[in-house]
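Engineer: Mind looking at a prediction? Sequence and model below.
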Amino acid sequence: MKKQLKIVVLAKQVPDTRNVGKDAMTPEGTVNRAALPAIFNPEDLNALEAALFIKDQAEGSTVHILTMGPPRAADIIRDAMFRGADGGYLLTDRKFAGSDTLATSYALSCALRKIRPDLIVAGRQAIDGDTAQVGPQVAEKLNLPQVTYAEQIVELKDNAIVIKRRLEHGTEVVECPLPMVMTVNSSAPDCRPRNARRVMKYKFALTPSEIAAQPDSAYAGYAAGKPYLQIVEWSAADVEPDEQQLGLNGSPTKVKKIENVVFQAKESKCLTCTDGEIEELMVELIASHTLG
């Protein structure tokens with residue numbers, strides 16, 4: 001029998017940046033999340049599926065979501081529970097607002113020290129940043145080995161996992177000891193759909209703040225009386241961080257401008273594939289820093 005694993009999936013509720021409008025940024029240069037629809041970060045769903053696959057293989061293992069965001073981010077924890085996760089942790093506090101990858105990974109690592117998982121799984125990157133930095137930064141802060149660009153779980157061993165990675169020019173298979181951090185590509189298997197029975201069981205799962213916001217609701221009373229429906233909610237103080245490393249204070253990265261680029265047909269260029277035209281195009285791309 002495989003070792004029982006305590007698995008945590010790092011997930012993020014992200015603004016849907018596929019249709020960015022003029023209100024996408026705040027005057028302070030941060031993403032205006034209130035103006036954009038919120039979705040489960042796509043590659044985090046691939047990470048969730050990898051975690052659930054391991055849970056299926058190692059009987060008795062558990063999968064929990066760890067997410068940082070406003071109170072509405074509890075929606076992706078419920079979504080994960082509908083798909084097979086056992087519960088989740090929501091880090092929510094105004095002190096986390098404006099975090100870049102450095103401050104985000106610091107806050108998450110503080111929470112993970114408290115949770116003490118055997119395996120941490122994350123999507124390769126979030127669509128609102130495309131940096132692919134948070135997973136590796138968490139591994140460094142926790143001094144854990146890491147495997148990035150994971151595409152397939154090849155084998156579970158008692159104290160290690162064999163993983164196939166998708167690289168730019170091929171694949172490689174590596175073995176990594178536990179505990180470890182793994183980031184997962186979109187080329188990994190898609191996440192399983194929501195299960196109707198689990199939806200009925202966990203649709204009333206709530207955070208303490210959601211219960212407090214509707215004290216007279218039958219749903220809140222029902223959730224308060226069922227431990228498996230109570231989503232853990234932590235403020236900054238609960239994970240005992242250095243507050244100077246949180247939020248905008250702990251974020252050296254600042255977004256100055258964001259543009260929605262729409263390609264126009266008149267901007268296209270047709271080539272006849274002559275050596276001269278190709279050379280001219282290469283010169284143009286290098287001059288514009290598109291290449292090189």
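Structural biologist: That came through fine. Numbers count the residues shown, from 1 in each chain.

Engineer: Please make it C-alpha for all contacts and neighbour counts, starting now.
Structural biologist: Will do.

Engineer: biggest strand in this protein by residues?
Structural biologist: Using DSSP state E, we find that the single longest strand of the chain is strand 146-156.

Engineer: which residues touch that strand?
Structural biologist: Contacts of strand 146-156 with the rest of the structure, by C-alpha atoms under 8 Å, 6 or more residues apart in numbering, involve 2, 50, 54, 57, 124, 136, 139, 161-167, 176, 180-189.

Engineer: so what's the backbone phi/psi at the closest residue to residue 250 other than its chain neighbours?
Structural biologist: Sequence neighbours aside, residue 103 is the residue nearest to residue 250 in space, at 5.3 Å (criterion: C-alpha to C-alpha, 6 or more residues apart in numbering). Geometry field for residue 103 lists phi and psi as phi -70, psi -40, criterion degrees, to the nearest 10.

Engineer: so residue 103 sits right up against residue 244, yeah?
Structural biologist: No. Counting by C-alpha atoms under 8 Å, residue 103 stays clear of residue 244, with 9.4 Å between them.

Engineer: shared neighbours of those two, anything?
Structural biologist: Common neighbours of residue 103 and residue 244, using C-alpha under 8 Å, 6+ apart, are residue 250.

Engineer: neighbour-wise, which of these two wins?
Structural biologist: When residue 103 is set against residue 244 and neighbours are counted by other C-alpha atoms under 10 Å, the residue ahead is residue 103, at 26 against 12.

Engineer: Contacts only, for that one.
Structural biologist: Applying C-alpha under 8 Å, 6+ apart, one finds that residue 103 lies in contact with 96, 245-248, 250-251.

Engineer: do you know how far it is from residue 251?
Structural biologist: Separation of residue 103 from residue 251 (C-alpha to C-alpha, to the nearest Å) stands at 6 Å.

Engineer: what touches both of these two?
Structural biologist: By C-alpha under 8 Å, 6+ apart, residue 103 and residue 251 have these common neighbours: residue 245.

Engineer: how about the helices in the stretch 51-200 of the chain?
Structural biologist: With DSSP state H, counting those that start in this stretch as the criterion, the stretch 51-200 of the chain has helices at 74-83, 101-115, 134-142, 196-202.

Engineer: Would you mind putting those helices into JSON lines with mean pLDDT and distance to residue 64 alongside?
Structural biologist: Formatted as JSON lines, the entries for these read as follows, by pLDDT from 0 to 100; distance: least, C-alpha to C-alpha, whole Å:
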{"stretch": "helix 74-83", "mean pLDDT": "96", "distance to residue 64": "8"}
{"stretch": "helix 101-115", "mean pLDDT": "95", "distance to residue 64": "10"}
{"stretch": "helix 134-142", "mean pLDDT": "96", "distance to residue 64": "16"}
{"stretch": "helix 196-202", "mean pLDDT": "95", "distance to residue 64": "14"}
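
Engineer: any low-confidence regions in the stretch 51-200 of the chain?
Structural biologist: In the predicted model of the stretch 51-200 of the chain, no residue satisfies pLDDT under 70.

Engineer: if I look at residue 97, how far off is residue 214?
Structural biologist: 25 Å.
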